[in-house]
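*Asks:* Provided below are the primary sequence and the corresponding predicted coordinates.
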Amino acid sequence: MSSSSASTSKKSSAAAASSEQSAGAHQGVVMRLPPPKPVPAAKKQEDADASAASPSSFAFDPLKLSNIRDTLMRLEESIIFALIERAQFKLNARIYDAKALPMPIAQGGSASASSSGSGSVLSYYLLESEKLGAQLRRFTSPSEHPFSDPAALPKPLLPELVYPVTVKPNHINHNDRVMDFYLATVLPSICEPGDDENYGSSAMADVACLQLLSKRVHYGKFVAESKFLAERVKFSAAIRARDTQKLMGYITKPVVEEQVLERVRNKAAAYGRPPSHPHADLPSASPSPQMRPMALAHEIAAMALGHGVLPLTSPSPSVSPESAASDASLSPSPSPSPSPPAVSPDSHAPPPDHQFKVPPAVIGQLYEIIMQLNKDVQIAYLMQRLEDEE
């Protein structure tokens, strides 16, 4: 037989074999793999112990500065999108007034619940949302803080997670201030005045905004712990001296903060630009005219306090800088929950800028106050950092 014939014969045999295998597969013939080798019991126990000691879901270091930076950058985007989402509805002030639209709320169930056991639409929606989140162990995470009274929240239904050691145990919760800031400053700045009756959608968007703002503000605990560990001696000396001004100087990086604000304004311009304005000008760092009153309040407060702990209402002329900068604002325990200020239906929002869904300068100035609140949490955390180590 010639080599050409032999080659042809081999190809035919291979094709026939391939055809048979394919036909067999279609007829349900399955190739059987050899059974896996048994794992010794000692090896199984060793793997289980290693898994328990280092859960795979927490493989990264939460206190590494680059990881903190990545988390904060992702929160920037989430907050911007949430603000844009809320801004599509009018102010709808009735959902923040327990008398206008009373909703049943258990006593002590929310910071804004009234003594009569009723609260606003926002209070009701926020409490019910946090009840569900609590059942899914949301508030067992050291980065999550409820607005509602923890006593009103149910126990988690999911098994407890073992989180890595990050921040020291504490009871710092500044959500009352976050709520005040949101109602008194954020909403009038991004929403058109009036009522469009989108009450449920507005409350839903409010809760999303509040929870993101809370996380961004309270992430100051992680920032403070990371900075403390990097320069323990310097920070410890200031903490023992109860020198909050020195601590504020340590945690404040003006160049970095301006980079953050510029990035936030640029993101707001990119995400909030309608398709009809694809080439809109990038935002300016200077305050927009409609935000100037808030910017002035911010500047006055910053000058009065000196260390950046920002009150959420403009200090009156009769309030001295010393009384404004009282130690109460730095207490690790939150003050009693006041009723949030009512949002007036006549609150003046900036005229709509059709170039952007929300003016980037407005979001930039709001974010500057968010960063101030974050630093307030850092100071409160640092002031109690050495309590168990003395």
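*Replies:* Done, it's in.
*Asks:* mean confidence for stretch 69-86?
*Replies:* For stretch 69-86, the mean per-residue pLDDT is 95.
*Asks:* Can you point out the buried residues in that stretch?
*Replies:* 71-72, 75-76, 78-86 (16 or more other C-beta atoms under 10 Å). Quick note: C-beta positions are derived from backbone N, CA and C, even for glycine.
*Asks:* again with stretch 258-270
*Replies:* For stretch 258-270, by 16+ other C-beta under 10 Å, it's 260, 261, 264, 265, 267, 268, 269.
*Asks:* Sticking with the first one, tell me its helix or strand.
*Replies:* What that stands for is residue 260. helix 254-271 (DSSP states H and E).
*Asks:* Give me the subset of the buried residues of stretch 69-86 that lies in helices.
*Replies:* 71-72, 75-76, 78-86 (DSSP state H).
*Asks:* Tabulate those residues (a markdown table), appending distance to residue 137.
*Replies:* Shown next, in a markdown table, are those (distance: C-beta to C-beta, whole Å):
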| residue | distance to residue 137 |
| --- | --- |
| 71 | 19 |
| 72 | 23 |
| 75 | 21 |
| 76 | 26 |
| 78 | 21 |
| 79 | 24 |
| 80 | 28 |
| 81 | 25 |
| 82 | 23 |
| 83 | 28 |
| 84 | 30 |
| 85 | 26 |
| 86 | 27 |
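*Asks:* any idea which of the buried residues of stretch 69-86 is closest to residue 243?
*Replies:* Comparing these against residue 243 with C-beta to C-beta picks out residue 72 as the nearest, at 26.2 Å.
*Asks:* gap between the residue lying closest to the closest one once chain neighbours are set aside and residue 360?
*Replies:* Spatially, and ignoring its direct neighbours in sequence, residue 72 is nearest to residue 219 (6.5 Å; C-beta to C-beta, 6 or more residues apart in numbering). Distance of residue 219 to residue 360, computed by C-beta to C-beta, to the nearest Å: 23 Å.
*Asks:* Compare the two and say which is more crowded by neighbours.
*Replies:* residue 360 (29 against 20; other C-beta atoms under 10 Å).
*Asks:* so what's that one scoring on pLDDT?
*Replies:* pLDDT, read off for residue 360, is 94.
*Asks:* cool, residue 257 as well?
*Replies:* Confidence score, pLDDT, at residue 257: 96.
*Asks:* Could I get the contacting residues of it?
*Replies:* residue 371 (C-beta atoms under 8 Å, 6 or more residues apart in numbering).
*Asks:* Tell me the spacing between it and residue 74.
*Replies:* In terms of C-beta to C-beta, residue 257 sits 18 Å off from residue 74.
*Asks:* try residue 215
*Replies:* For residue 215, the distance to residue 74 - C-beta to C-beta - is 10 Å.
*Asks:* Which residue is the nearest non-sequential neighbour of residue 261?
*Replies:* Counting by C-beta to C-beta, 6+ apart, residue 261 lies nearest to residue 364, which is 5.3 Å off, once chain neighbours are set aside.
*Asks:* looking at it, the one you found is touching residue 263, isn't it?
*Replies:* No: using C-beta atoms under 8 Å as the test, residue 364 is too far from residue 263 to be in contact (9.6 Å).
*Asks:* What does residue 156 show for phi and psi?
*Replies:* phi -60, psi 140 (degrees, to the nearest 10).
*Asks:* ok, now residue 118?
*Replies:* Dihedral angles (degrees, to the nearest 10) for residue 118: phi -120, psi 160.
*Asks:* right, and it touches residue 100 too?
*Replies:* No: using C-beta under 8 Å, residue 118 is not in contact with residue 100, being 11.2 Å away.
*Asks:* Which one's more surrounded, these two?
*Replies:* Set residue 118 next to residue 100 and count neighbours by other C-beta under 10 Å: residue 118 wins out with 16 against 13.
*Asks:* In stretch 192-212, which residues are buried?
*Replies:* Buried residues in stretch 192-212 (16+ other C-beta under 10 Å): 193, 199, 202-212.
*Asks:* before we move on, what about stretch 153-162?
*Replies:* Those would be 153, 156, for stretch 153-162 by 16+ other C-beta under 10 Å.
*Asks:* For the nearest residue to residue 174 once chain neighbours are set aside, give me its contacts.
*Replies:* Among residues not flanking residue 174 along the chain, residue 377 sits closest, at 5.7 Å (C-beta to C-beta, 6+ apart). Contact partners of residue 377, counting by C-beta under 8 Å, 6+ apart, are 172, 174, 217, 218, 220, 221, 224.
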